[in-house]
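Visitor: Structure here, sequence nowhere to be found:
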């Protein structure tokens, strides 16, 4: 079976599909012949794709923290898609603001956990539950983060992503007999609006580059490629896994006390050029 014929049988809901890694995933799904459903608070960036693929892309404005709205969308999609849903990608979540525990209010903490963790839980409950009831093979991919493994000054975000890894493993076991695979991808620092907000400067990005063995920001399409693999039948034996897609960030954390990464272009001054971070269509 060819790659295109494989993906023509795929129909996936992508929460947070209106920008960043979610939008890159939707774009790749459509380019490979799959169908997609975007669920996001802001779908304006997806309008061009919706015009290009009117029969294979649907867009719904919804918050992943609104269970009633998610159930409404699930009902609408189940009655209208040409290819039955057999995939779910959970990318939705708000950008955290770095702060110490002393400067993080309970409201700020709860808002981040609700967006990332509760949103992933509810999408899995609604859409994943529907996939499990269908009896057909299906796949769910949750978006974790390298900060699930290596904490930083975004306390609620790291806690939420760590919990998503645990939730992924629990659901993988829970739905295995229903032929639903559940995995997670843990991206490193990726060039998205999510990362570029909060007023980061070139100096901030240079620090990110210096902490990454590949010495670059990742492209959203690189994360999307891993997500599509996990959605596909090629990953039929993979469930309960969290795949780091981080340019070596997690593996490289022990190198700093020994002078940094061998032969690394990082630290040579300036951000990586296009040979290190090849230009792609913005996502």
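Guide: Noted; the coordinates are in hand. From a predicted model like this one, the values you see are computed outputs, not experimental measurements. Numbers count the residues shown, from 1 in each chain.
Visitor: What is the burial count for residue 100?
Guide: Residue 100: 8 surrounding residues under other CB atoms under 10 Å. For the C-beta atoms, the positions are set from N, CA and C on the backbone; glycine is no exception.
Visitor: And it, its phi and psi?
Guide: Here is the backbone geometry of residue 100 (degrees, to the nearest 10): phi -70, psi 170.
Visitor: Nearest residue to it in space, ignoring adjacent ones along the chain?
Guide: The shortest distance from residue 100 to any non-neighbouring residue, by CB to CB, 6 or more residues apart in numbering, is to residue 153 (6.7 Å).
Visitor: With residue 63 instead?
Guide: Counting by CB to CB, 6+ apart, residue 41 is the residue found nearest to residue 63 once chain neighbours are left out, at 5.9 Å.
Visitor: The longest strand along the chain: how far from the chain's middle?
Guide: Determined from DSSP state E, the single longest strand within the chain is strand 180-187. Averaging C-alpha positions (CA atoms, centre = their mean, to the nearest Å) puts strand 180-187 9 Å from its chain's average.
Visitor: likewise stretch 190-207?
Guide: Relative to its chain's centre, stretch 190-207 lies at 18 Å (CA atoms, centre = their mean).
Visitor: mind listing what's buried in the very next helix or strand once past the longest strand of the chain?
Guide: Of the helices and strands lying after strand 180-187 in sequence (DSSP states H and E), the nearest is helix 193-196. By 16 or more other CB atoms under 10 Å, the buried positions in helix 193-196 come out as 194-195.
Visitor: next one: stretch 144-164
Guide: Buried residues in stretch 144-164 (16+ other CB under 10 Å): 144-149, 154-164.
Visitor: How about stretch 121-132?
Guide: 121-124, 126-132.
Visitor: Against residue 71, how distant is the residue nearest to residue 63?
Guide: Distance of residue 41 to residue 71, given as CB to CB, to the nearest Å: 17 Å.
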